[in-house]
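Q: Here is my input, please return the structure:
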Amino acid sequence: MKLPAPKGKPPLEVLEEALYLLRNASAEAVLCYLAGTVPLLLGLLFFLSEMTRNPFAREQLAEESLAVAALFLWKRIWQAIFAAQLHGGLSGRGFAIRHLPRLIAMQCALQPLRLIALPASLLMTIPFAWVVAFFRNVGLFAAVGEPDPVQAARKQAGLWTRQNWGILSVVTVVTLFVFVNTLVMLILLPQLAKSFLGMEGEFTRVGFDIVNITTLAVAAALTWLAVDPLLEAAYVLRCFYGASVTSGEDLRAALLKLTTVAALVLVMVVMPLPVSAQQAPPPTPSIDTSRLDKSIDEVIRRREFTWRAAPAKPDEAEKEWPGWISSAVRSIRNGAHWLSEKIKQWFKSNEREADDGRRVAERPPIVLWSAAIALALVAGGVLLFLRRRRSRPAEVTPVDQTLTPVNLADDSVTADQLPESSWLALADEWLVKGDYRLAMRALYLAGLNYLSQRDLVSIARYKTGLDYRTELERRARAGTRVSPDVVPVFQANNVLFERGWYGRHLVDRAQVEAFASGLDEMRRFAPDK
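A: Residues are numbered from 1 along each chain as shown. So this is what the prediction gives:
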């Protein structure tokens, strides 16, 4: 007669144990999970970006889809190894390298079906929890070396259906909350960095346009990276408790832990003490009565104990003087006595008894020599200070603060390296020398610096004239401080510059003057703040 399976644990209790299992997971297990999941998430984000933004996406669809499929299988293999290592922490049956070829074959054969079976079962609703459990269980059993992973996964997936649905429901609600919080964090983080840290970049200027398909995909990837290990640990616990129904595996694991603890306690109780600890304690040294009396006298004279003692009766000689004068005289007398005693101790040679009973004189203590050296150093420092005070102060020569010359012929030079006035001065200099091409380059950089100072463009080495025009056009549409007429003026100047700088057209003085007039017109449409 077959006994019925016991009732499974509540879903919240299983998830709580799953969290504890993840917290105690080894660093090796965590690295296995990250090695499989992170490449897949990055690959999916790259694939989404390419398919939505690349105009040649159709030509690259086959290669990139194949790469994503390979990353999916890579992730399933490493996730099965991660689940096996979690299972090994529960029962001792973990992953072994000899099971790797079979694991790869099973995952490559079954996991692609997951992409079809999960959506289909979700539409039918009823078999969805069973399908999720089956595809997660089969990787675990293949990794731990189960003889028939498919049969074992199917059997464990059918256990405790109510518990399975409860786990999926709770994890779904948690996933929604984590996704919303992650999305809000991605939206507000640039603005918070700008407000509290003063950091400004492309993300802070975009504003709420940051909410796009890429941001949603990044939030979904981070959410999956946070929730998926919890779900995997929950199904590892289900498999462990399911196998324990017939094998008593949980009892063996608990007994093994109790045996280990009992062995440690037994060793600590039975182990004899060291020989040195069993010996008699060393004899107590004799107490110096003079030092003890002196210590007691010093303690009872402290401020925290003087309030308990009765005030001493003044002598007849002391009655003739006020109390504060007597106290001052007494303090001076005690200080002089203390100083004289210290000097006597320094210069007095100490005597000790040798092993043969003779008294041997020692040299004065090192305190005397240390005090003498310290006094010499202090005197030398005072003399050096007085000597420096008498010397004439050094003359300070002014530092030449001229700007470092800039090579305008270098394409890596950006407009934010010098202020606008310096670029205009360079333009006049090259115009006088007759090099109209470099003069136009200096005027072009001056115009970009002017727009950057008014937050209309952001300077970057990789940006082209088209990038600056697109950014200026977007700012002109969104803002009120600049007229949209500045865009065609900038475009005309940009065409004039690129023809002379990148093309083969010769630049003459008339073109430079036309560029300068366009720069003046651009200042009129984009005034100061």
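
Q: next SSE after the helix or strand of the chain with the lowest mean pLDDT?
A: Least confident helix or strand of the chain, by mean pLDDT, DSSP states H and E, is helix 275-278 with a mean of 46. Toward the C-terminus, helix 275-278 is succeeded by helix 289-300 as the next helix or strand (DSSP states H and E).

Q: Packing partners of that next one?
A: Under the contact definition 3 or more C-beta pairs under 8 Å, 6 or more residues apart in numbering; DSSP states H and E, helix 289-300 sits against no other helix or strand. From N, CA and C alone the C-beta is placed, and that goes for glycine too.

Q: just how off-centre is it within its chain?
A: Taking C-alpha atoms, centre = their mean, to the nearest Å, one finds helix 289-300 lying 57 Å from the centre of the chain it belongs to.

Q: May I have it exported as PDB, CA atoms only?
A: The C-alpha trace of helix 289-300 is given here as PDB (Å, rounded to 0.1, in the frame of the first residue of the first chain):
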ATOM      1  CA  THR A 289      54.100  48.300  52.000                       C
ATOM      2  CA  SER A 290      55.600  51.700  51.200                       C
ATOM      3  CA  ARG A 291      54.300  51.700  47.700                       C
ATOM      4  CA  LEU A 292      50.900  50.500  48.900                       C
ATOM      5  CA  ASP A 293      50.600  53.400  51.400                       C
ATOM      6  CA  LYS A 294      51.700  55.900  48.800                       C
ATOM      7  CA  SER A 295      49.100  54.600  46.300                       C
ATOM      8  CA  ILE A 296      46.300  54.700  49.000                       C
ATOM      9  CA  ASP A 297      47.300  58.300  49.900                       C
ATOM     10  CA  GLU A 298      47.200  59.400  46.200                       C
ATOM     11  CA  VAL A 299      43.800  57.800  45.700                       C
ATOM     12  CA  ILE A 300      42.000  59.300  48.700                       C
END
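
Q: Could you chop the chain up by domain?
A: 11-265, 415-525 (automatic domain parsing).

Q: mind listing what's buried in stretch 406-415?
A: 408, 413, 415 (16 or more other C-beta atoms under 10 Å).

Q: ok, residues contacting stretch 442-454?
A: 408, 413-416, 418-420, 423-424, 426-427, 430, 457-459, 468, 472, 481-482, 490, 493-494, 497, 501, 512, 515-516, 519, 522-523, 526, 528-529 (C-beta atoms under 8 Å, 6 or more residues apart in numbering).

Q: mean confidence score for that stretch?
A: Summarised as a single mean, pLDDT over stretch 442-454 is 87.

Q: Likewise for stretch 325-344?
A: Mean pLDDT, stretch 325-344: 79.

Q: what's the answer for stretch 410-429, then?
A: 87.

Q: From start to finish, how long is that stretch in a straight line?
A: 17 Å (C-alpha to C-alpha, to the nearest Å).

Q: where in the protein is pLDDT low?
A: 1-7, 198-209, 246-286, 303-324, 346-371, 388-404, 479-481, 527-529 (pLDDT under 70).

Q: Break down it into its strands, ranges please.
A: 351-353, 359-361 (DSSP state E).

Q: hmm, back to that, got the buried residues of stretch 406-415 as JSON lines, with distance to residue 379 columns?
A: Below are the buried residues of stretch 406-415 laid out as JSON lines (distance: C-beta to C-beta, whole Å):
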{"residue": "408", "distance to residue 379": "63"}
{"residue": "413", "distance to residue 379": "60"}
{"residue": "415", "distance to residue 379": "61"}
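
Q: what's the closest of those to residue 19?
A: residue 415 (53.2 Å; C-beta to C-beta).

Q: Report the contact partners of the closest one.
A: 423, 445-446, 448-449, 452, 459.

Q: neighbour-wise, which of these leads?
A: Within the contacts of residue 415, most neighbours by other C-beta atoms under 10 Å means residue 445, with 26 neighbours.

Q: burial of residue 508, as a residue count?
A: Around residue 508 there are 12 residues (other C-beta under 10 Å).

Q: pretty sure it contacts residue 434?
A: No - at 10.4 Å, residue 508 does not count as touching residue 434 under the criterion of C-beta atoms under 8 Å.

Q: what about residue 230, distance to residue 35?
A: Look at residue 230 and residue 35: by C-beta to C-beta, to the nearest Å, they are 19 Å apart.

Q: can you check residue 524 too?
A: Distance from residue 524 to residue 35, by C-beta to C-beta: 59 Å.

Q: Any quick PyMOL command for the buried ones out of the contacts of stretch 442-454?
A: To isolate the buried subset of these in PyMOL, counting by 16+ other C-beta under 10 Å, use the following:
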select buried, resi 408+413+415+418+420+423+424+426+427+430+457+458+468+472+482+490+493+494+497+501+512+515+516+519+522+523+526
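
Q: In helices, which of the contacts of residue 415 fall?
A: 423, 445-446, 448-449, 452 (DSSP state H).

Q: List the residues that contact residue 486.
A: Taking C-beta under 8 Å, 6+ apart, one finds 456, 472, 476, 522, 525-526 in contact with residue 486.

Q: do that again at 10 Å, thanks
A: 451, 456, 472-473, 475-476, 521-526 (C-beta atoms under 10 Å, 6 or more residues apart in numbering).
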